[in-house]
Each structure stands twice: as structure tokens, then as C-alpha cells.
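*Asks:* generate coordinates for the sequence data below:
(2 chains)
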Amino acid sequence: MIYLDHSATSPILPSAKKAMENALENFPGNASALHTPGHLAHNLIEEARENIAKLINADPEEIIFTSGGSEANNTVIHTFKNCEIFASAIEHPSILEPAKTYAKKLHQIPVDKDGVINLDFLKKSLKNTAKNTLCSVMLANNELGTIEPITEVKSIISALKSSDNIYLHTDATQALGKIKIDVKKLDIAYLTASAHKIGGPVGIGILYVKKGAPYQPLILGGHQEHGKRAGTYNTVAIAGFGAVAKYATTHKTWETYESEVRPLRDKLANLILKNIKGSALNTPLSLSLPNILNVSFAAAEGESIQLYLDMLGKIIVSTGSACASGDGKPSHVIMATRNDAEVAHSSIRFSLGLNTKKSDIDAVMKELPNIIKNLQGISTIEVKND
Amino acid sequence: MTKKCTSTPKTPAPWVYSEKVKEHFLNPQNFLMGDEKKFKCDAKGIIGNPICGDQMLMMLKIDKKTDTITDVKWKTYGCASAIASTSALSELAKGKTLDEALKIDAKQIADYLGGLPKHKFHCSVLGHDALKAAIENYREKH
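*Replies:* All right, here's what the predicted structure looks like:
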């Protein structure tokens, strides 16, 4: 199998598996308990917290464990209930949906065709904001890989008279491990991250909350995480997250992504453009994470492409087509960048991992051109010569 | 007396659709590759919209004496279930009289395919409407 869906979930890293097996076998106690097994589990969790904090240059006490990125995003939005919230139009649904529910007013920041947010819009509309306003802009987009200009967003906020009222959150679920992240340099109030996009287990994430930033727990009913997130500690998953965080820091995975994965991704992009009629990139290569490539194929529908790749070549990718989505709608990201449902329906996301090889790219190019040619051949839509 | 449980746990299916859908998706029948002018038909009908994600074109050859569909070709822009259901419809329609073909509905196509996921039913099983449009178009002219 050629797995190119790492941005959906990345297969477990050996070090994470080992750490989880260790936790499962040797740390059975409830980490909140005062007895020895409880205390040992607690120590294991704190070690993981330190490793995760180190990866993003945070202090360990600024890390709150959650059930994943979606809960972390919901928590930060919920903290700003009845406040004004600014969020990019291409945020993950776990930002946009709760923001629609909880915010006094949701201001969606428009993006250009590459998915980069409109800084002028932000500059104009952030003026005269009320007390406790949240601005949430993802560090990198999950469908396109586009890296957002968070430093510029912070500069815009800092230059405003009302800067003390505006808190900046970034969803770094996709960016973690792929680019270097330093919460102190970014000078943000909140950051979301998740383990399973970098080889950790699903079901565990974190919310970084800068000391002094407003916070309201989403889940009540327990003293865990100093009352900030109730619920029995998921020791096994936390140990797995800690192990992948340590792996990323030790190996500086972002350097490997840059030196090895990016050239492969760019090679795939160029081969597709050269060999497949009607192909167009949705990912801006120079402005994006090194591992994501989103491409549309005129007159060929995404779910069909995805399933032919799976069935014929054992090649695993994802699509922004409505046919493959749970809600029957085309990708809101492609709609925001291209405003064209056909482009969204025909979009395919390849997301590479640290173990992706040149032979994987060759395998894609062995199958993909014929699949697209056949789908275009039986399509009711004519492919224009461009 | 306690009953012994003899059933073995089922391996989860690796494919979201039925085997019959898979068969028609991987080996679609009666499709037309390339320019539709290649197939000289007596009637054609198109339904759906690429904006919605699915569009089907049905083309029929009809024996005027017997009012029977002697050959069918189709083109589809759509997902796996759209391709499979259009292919299935082409098999169902071939050899039928026009009156018989008009009776083919979405349920019949889905049944022929061994069922389709609920959320796929209305958007991808549109072929029979294209078939109806083709027959109506033919009858207006003849």
C-alpha cells in the first residue's frame, strides 16, 4: 500500500507504539490517585507534557491535554462565548461550527486563491473591537497546506490601540512537526495540536494556553488538569503523544520534511502538471507545508479518482468532493479559494509522510494518468485544451 | 441451557459499496469513451449538473418496428456509485421496450447493485431520469 493520506492520520511511529505498550502494561493506575500506581502514571503524563511543551517552546503548565484537535478548538472558541470572533474562512469545521454557535458575531476572514488570509481585511475590521475578542487563524491549512502569515497577523494586532483586547489562536494540527513552531516567537495566546498527524495515537491533543490568557473549561466535573479539563487521564495516549513529540524535537523532523519530503512533493506536482491534461494545482507550492499537494482534474470526479487509485494501485489519498464528504457539500476550503464547485469535486489531496519514497511517486504516476484519462473519456464534461 | 456462540467475528468490509457496485465501477458496461458523436443514436437524454457533482448522458438505439432499445451507451461525470448505477441501468435497459424501460426506477437500479449507501441514493442514481428524458425526446420526434 502506498499511503499518501498522512494529513488525515499518520501511521503510528515505532517510538509511540513502544511508549504506549509500556504505559498499557506498566502504568495501569489512575493518574489522579495518590497511591503508587497512580503517582507513577502521573509522572509519565508529566514527562509527556514536558516533551510536548519543548516541541513548541511552551512551559509545561501551559499545556492542557484534550481528546484531540477538535476539542482543543472547541474549548478556545467556547472560552470566547458571546464575544466577537474573527476566523479565516478556511479554518477547520471544529473552529467554524462552534464559532457560529457561541460567538456574538463571527467575522470570516476571506482568503485569496492560494488560501492566504486577507490581511487588509483583518487590519480594517479588527479596529474598534470590543474587550475579549478572539482571532483564530490556522498555522497551515489541512486541505491545501497553505501556511498562514501568523507573524503578520500578530503585528497587525500589536499595532492596534485595542491590542490588549485581542487574543490570537492558531490551529497547528497540520503544521506540528512539519515546520518549526515556537509559541513564544509567534507570541500567540492559544495553540491547538494533535498527536495523530505526526505518528501518535488518535484521541489525544493539546491546547496551549499562554499564562494569563482567558480560559473557560469546556468539560466540567473533575479536578484533572487543575480543573481546566475534567475527565480521567488517557495515560496511554498521552504517553504516545509525548513519544512522538520527543521524536520530532530530537530528529528536527521539520528539517527532514524540508530536505526530503518537499522535493518529492514538488516532483509529484510537476509530473502531474506535465503529464495530465486538465490538471491544476490548488496548493501554492512555495507558500505551503512541505508534505501536502492538492490538485484538481478537470472533468474527473474526486471520489472516483480516490477509489480507482485505491482499487487499482493501492494508493491512498483523500478528496474534497462532496460525494466523499459526510455532509454532502464540496470542500469549504476550495469553495473559499476558487469559488468553483467543479474544482472542489475534482480535487485530490496527496499528503506525504517522512517515509514516502521516490518509488511511491513513481507508482502514483504509473496509475493516475490512465485513471484521469479514462474518467475524462467517459465524462459528460469536455476537457478544454489549455 | 445456554446457547453456544458459534459465529465468528466478521472481517470489516474494505469497500464502502457492495461487490456488485465494485464490479460495475471497475468494469463499467456500455460506456462511451470520447466524443459522443462516435455513437449514432436515435435518442439521448442528459440529467444532473457538474456543480452538484453528478451528470449522466444516456444514448439509445431504438428499433422502430418493435419500439425496443437495441443498444445503449452512456457518459457520466460522477462518483463511484454514479458510474456503477449508470452502468447497471444500461444493462437493465438494453433489450427492453420503451414502455418497459420507462418503468425502471432508482430503487430497481439500487437493488440490482445489491444496495447503495443511503446518502448516495438521490444524488448518484439519476440515470433513469436521463433514460426517461431520452425516451420522451424520441417520442416527441416519432
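*Asks:* mind listing residues that contact the lowest-mean-pLDDT helix or strand in chain B?
*Replies:* Every helix and strand in chain B was compared by mean pLDDT, DSSP states H and E; the lowest is helix B:118-124, with a mean of 74. With CB atoms under 8 Å, 6 or more residues apart in numbering or on different chains as the test, helix B:118-124 has contacts from A:323, A:328, B:52-54, B:78-79, B:81-82, B:85, B:106, B:110, B:116. C-beta here means a position set from N, CA and C on the backbone, and glycine is covered the same way.
*Asks:* which of those residues are buried, as a ChimeraX select command?
*Replies:* A single ChimeraX command selects the buried members of those (16 or more other CB atoms under 10 Å in any protein chain shown):
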select /A:323 /B:52,53,54,78,79,81,82,85,106,110,116
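*Asks:* just the ones in helices from the contacts of helix B:118-124, please.
*Replies:* Counting by DSSP state H, the members of these that fall within helices are B:81-82, B:85, B:106, B:110.
*Asks:* just name the closest of those to A:H6, please.
*Replies:* Comparing the ones in helices among the contacts of helix B:118-124 against A:H6 with CB to CB picks out B:S81 as the nearest, at 27.1 Å.
*Asks:* so the closest one touches B:K22, yeah?
*Replies:* No: contact criterion CB atoms under 8 Å: B:S81 and B:K22 do not qualify, at 10.7 Å.
*Asks:* wait, A:S70 touches A:S94, no?
*Replies:* Yes: counting by CB under 8 Å, A:S70 does reach A:S94; the two are 3.8 Å apart.
*Asks:* nearest to chain A: which residue in chain B?
*Replies:* Closest residue of chain B to chain A, CB to the nearest CB: B:C79 (3.6 Å).
*Asks:* got the contact list for residue 48?
*Replies:* In the absence of a named chain, this looks at chain A. A:238-239, A:241-243, A:245.
*Asks:* please go with chain B instead
*Replies:* B:G48 sits next to A:380, B:54-56, B:77-78, B:126, B:130 when contact means CB under 8 Å, 6+ apart.
*Asks:* apply 7 Å and report the result again.
*Replies:* Taking CB atoms under 7 Å, 6 or more residues apart in numbering or on different chains as the criterion, B:G48 is in contact with B:54-56, B:126.
*Asks:* before we move on, what SS does it have?
*Replies:* Under DSSP: H, G, I helix; E, B strand; the rest coil, B:G48 falls in the strand class.
*Asks:* pLDDT wise, what is it at?
*Replies:* Here the pLDDT value assigned to B:G48 is 90.
*Asks:* before we move on, what about B:C52?
*Replies:* Looking at B:C52, its pLDDT reads 81.
*Asks:* and the gap between it and A:S15?
*Replies:* Distance, B:C52 to A:S15, by CB to CB, to the nearest Å: 46 Å.
*Asks:* try A:I188
*Replies:* Distance from A:I188 to A:S15, by CB to CB: 28 Å.
*Asks:* show me where the stretch 251-386 of chain A has its strands.
*Replies:* Secondary structure of the stretch 251-386 of chain A by DSSP state E, counting those that start in this stretch: the strands cover A:279-281, A:292-297, A:315-316, A:318-319, A:347-351.
*Asks:* and among those strands, the most buried is which?
*Replies:* Among those, strand A:347-351 has the highest mean neighbour count (mean count of other CB atoms under 10 Å in any protein chain shown), at a mean of 28.
*Asks:* torsion angles phi and psi at B:T97?
*Replies:* Per-residue torsions, B:T97: phi -70, psi 160 (degrees, to the nearest 10).
*Asks:* and it, how far from B:E136?
*Replies:* 15 Å.
*Asks:* again with A:P93
*Replies:* Distance of A:P93 to B:E136, given as CB to CB: 42 Å.
*Asks:* swap in B:F39?
*Replies:* 19 Å.
*Asks:* higher neighbour count, these two?
*Replies:* When neighbours are counted by other CB atoms under 10 Å in any protein chain shown, B:F39 and B:E136 differ, and B:F39 comes out ahead with 17 against 14.
*Asks:* report pLDDT for the more buried one.
*Replies:* 93.
*Asks:* what sits against it?
*Replies:* Shown in contact with B:F39 (CB under 7 Å, 6+ apart): B:32, B:59, B:73.
*Asks:* how about B:G95, phi and psi?
*Replies:* Dihedral angles for B:G95 - degrees, to the nearest 10 - are phi 90, psi -10.
*Asks:* now the residue most central in space within chain B: how far from B:I62?
*Replies:* By CA atoms, centre = their mean, chain B has its centre lying nearest to B:T86, at 2.4 Å. Look at B:T86 and B:I62: by CB to CB, they are 19 Å apart.
*Asks:* of the contacts of B:F39, which is the most crowded?
*Replies:* B:M59 (24 neighbours).
*Asks:* that residue - that's part of a strand, no?
*Replies:* Yes: applying three-state DSSP, one finds B:M59 inside a strand.
*Asks:* quick check: it touching B:K73?
*Replies:* Yes: assessed by CB atoms under 7 Å, B:M59 is found in contact with B:K73 at 4.7 Å.
*Asks:* what do these two both touch?
*Replies:* Taking CB under 7 Å, 6+ apart as the criterion, B:M59 and B:K73 both touch B:32, B:39, B:41.
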